[in-house]
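A.B. asks: here is the input, now give the coordinates:
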Amino acid sequence: MLGMVRLVAACVLLAGLLVPAGIVRATASSTPTLTAPGTQTAVKNGDTLTFGGTIGGTSPSIQGATLRQYSDTGATTEITGAAITLTLGTDISASGTTISGTKAVAFNANAVRVKLEVVVLDSSDASTQTGTSPALTVDNTSPTYAVTYSRAAPLKAGAVTITVTASEALSAAPVISIDQPGTTDISSVTMSGNGPYTYAYTIFADNAGAYADGTATVSVSGTDLAGNTGTTVTSGGTFAIDTTAPVVSSVVRASSAAALTTGASAPVFTVTFSESVSGVTAANFAVNAGSGIGGTAPTIASVTGTGTAWTVTLGVTGTTGDYGSNTNATLGLTVVPASNAVDAAGNALASATVSGTNESYNLDTTSATVSGVTSTLADGSYKAGQAVPVTVTFSEPVTVVTSGGTPQLTLTTGSSATTLVSYTSGSGTAVLTFTYTVASGDTSADLDYA
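C.D. replies: Residues are numbered from 1 along each chain as shown. Here you go, the predicted model:
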């Protein structure tokens, strides 16, 4: 009886069985793994996950397997109702102690991490053990790209580095394509670097064929660590190409008067460029002082303006002696190409040619003189009420200014009487017409001006 007591005392109760004290039972263990397809280090919707790892114990078997989804990167906040139960023998199984299986998974929209949980039974003592794999990143978002350039657009001919910054890590360098305005394009070239990525691009001068000025479009394609392919460019997807140098399209007189007369103000020209330019100075012009210019040599006094329109003022006034007295002489501008005058792309003024209108001022320092006074009516006697046109011929065209009153001509219409006759037409020509109307009492054997 006492021996029996000692025997029971030397035993412990384990899972309903008497086990001799000092004997250690092997219990269930579970060490599952979860991997992404191929070389991916993250997974996305529709990916087939691979299950692996080991189980342990006496004749261990998998009792249950679950994919658990989490909404935080630390994989601590499980998404309620998002657990995916794996079918034993179909999705996951164990051969001996080795776990295997695969399953294509549609992830919860809020999932950012996923773990594999495997429950294992030890057949010898009916103990169970739950094992959980390390978390795997879930990424259903395709990468996007921001594109920048080493030079500010518009871009002139020459080298430029294009930099692409992806919104997330990529599995490899993306490819870049450039749809150029000309007939030659860049197609699917692999960029350099590990992020940001770069591409050395060369802009060629416009030749109206393979290369042309205009707007180029940049496309980028890359794949993130989960295998999502992205092609969206969020900024910098286009850039302007301008390889054409600006030219002077016209030089016109800023004054309505085409001639420089005695005492005239300094000559002013309006210079128009083919496109907006900056940096224009007096060094970009020279005075074209034609034959006959004498006296003080005119200079460029000032240059002002912005964009396409610039004002050039000469440095002397048109007084007698400043320009000489040759009435055939002209005064204009010559364009001087220089690197200081550039367009928005940095193309410099390179041509002295004026592509359009190129006006100059004529010299006129001699006052007009009257060379003759007559009438277009035949000689004869005329009664009261008859209109008599009187024409005054000048040595050159004249302009009639009426702001101070209408010019008048005095005619002798009697032995001592005179009549004032008003100007009627002819401004801008060398012949002015005054109209005299015969009045009662007017007598003159030979109508003349006083």
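A.B. asks: the stretch 1-150 of the chain: strands as residue ranges?
C.D. replies: Secondary structure of the stretch 1-150 of the chain (DSSP state E, counting those that start in this stretch): strands located at 11-14, 17-20, 29-35, 42-43, 48-56, 61-70, 84-85, 92-95, 98-104, 113-122, 127-132, 136-138, 144-149.
A.B. asks: let me fix that, I meant to ask about the stretch 351-450 of the chain.
C.D. replies: 361-364, 370-375, 387-394, 408-412, 418-425, 431-437, 448-449.
A.B. asks: got any ranges where this protein has weak pLDDT?
C.D. replies: 1-26, 256-264, 290-297, 317-328, 364-365, 415-416, 450 (pLDDT under 70).
A.B. asks: and the strands of the stretch 351-450 of the chain, which is most packed in?
C.D. replies: Most buried of the strands of the stretch 351-450 of the chain by mean neighbour count (mean count of other Cβ atoms under 10 Å) is strand 361-364; its value is a mean of 22. For every residue, glycine as well, the C-beta is placed using N, CA and C.
A.B. asks: mean neighbour count for the strands of the stretch 1-150 of the chain - can I get that in a markdown table?
C.D. replies: Formatted as a markdown table, the strands of the stretch 1-150 of the chain follow (neighbours: other Cβ atoms under 10 Å):
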| stretch | mean neighbour count |
| --- | --- |
| strand 11-14 | 12 |
| strand 17-20 | 12 |
| strand 29-35 | 20 |
| strand 42-43 | 24 |
| strand 48-56 | 18 |
| strand 61-70 | 19 |
| strand 84-85 | 14 |
| strand 92-95 | 17 |
| strand 98-104 | 16 |
| strand 113-122 | 23 |
| strand 127-132 | 17 |
| strand 136-138 | 21 |
| strand 144-149 | 18 |
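A.B. asks: and L333, which of these is closest to it?
C.D. replies: strand 144-149 (37.3 Å; Cβ to Cβ).
A.B. asks: out of the strands of the stretch 351-450 of the chain, nearest to V138?
C.D. replies: Nearest of the strands of the stretch 351-450 of the chain to V138, taken as Cβ to Cβ: strand 361-364 at 79.2 Å.
A.B. asks: packing partners for that closest one?
C.D. replies: strand 259-261, strand 330-335 (3 or more Cβ pairs under 8 Å, 6 or more residues apart in numbering; DSSP states H and E).
A.B. asks: can you redo the strands of the stretch 1-150 of the chain as a markdown table with distance to T406?
C.D. replies: What follows is those, written out as a markdown table (distance: least, Cβ to Cβ, whole Å):
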| stretch | distance to T406 |
| --- | --- |
| strand 11-14 | 135 |
| strand 17-20 | 138 |
| strand 29-35 | 104 |
| strand 42-43 | 94 |
| strand 48-56 | 101 |
| strand 61-70 | 98 |
| strand 84-85 | 103 |
| strand 92-95 | 112 |
| strand 98-104 | 100 |
| strand 113-122 | 97 |
| strand 127-132 | 109 |
| strand 136-138 | 94 |
| strand 144-149 | 67 |
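A.B. asks: hey, C-alpha coordinates of stretch 357-367 in CSV?
C.D. replies: Taking Å, rounded to 0.1, in the frame of the first residue of the first chain, the C-alpha atoms of stretch 357-367 are listed here in CSV:
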residue,chain,number,x,y,z
THR,A,357,10.2,98.0,-91.8
ASN,A,358,13.4,100.0,-91.3
GLU,A,359,12.6,103.7,-91.3
SER,A,360,14.9,106.7,-91.0
TYR,A,361,14.5,110.4,-90.6
ASN,A,362,15.2,112.8,-93.5
LEU,A,363,17.1,116.0,-92.8
ASP,A,364,15.4,119.3,-93.5
THR,A,365,17.1,122.3,-91.9
THR,A,366,15.9,124.7,-94.7
SER,A,367,12.5,126.4,-94.5
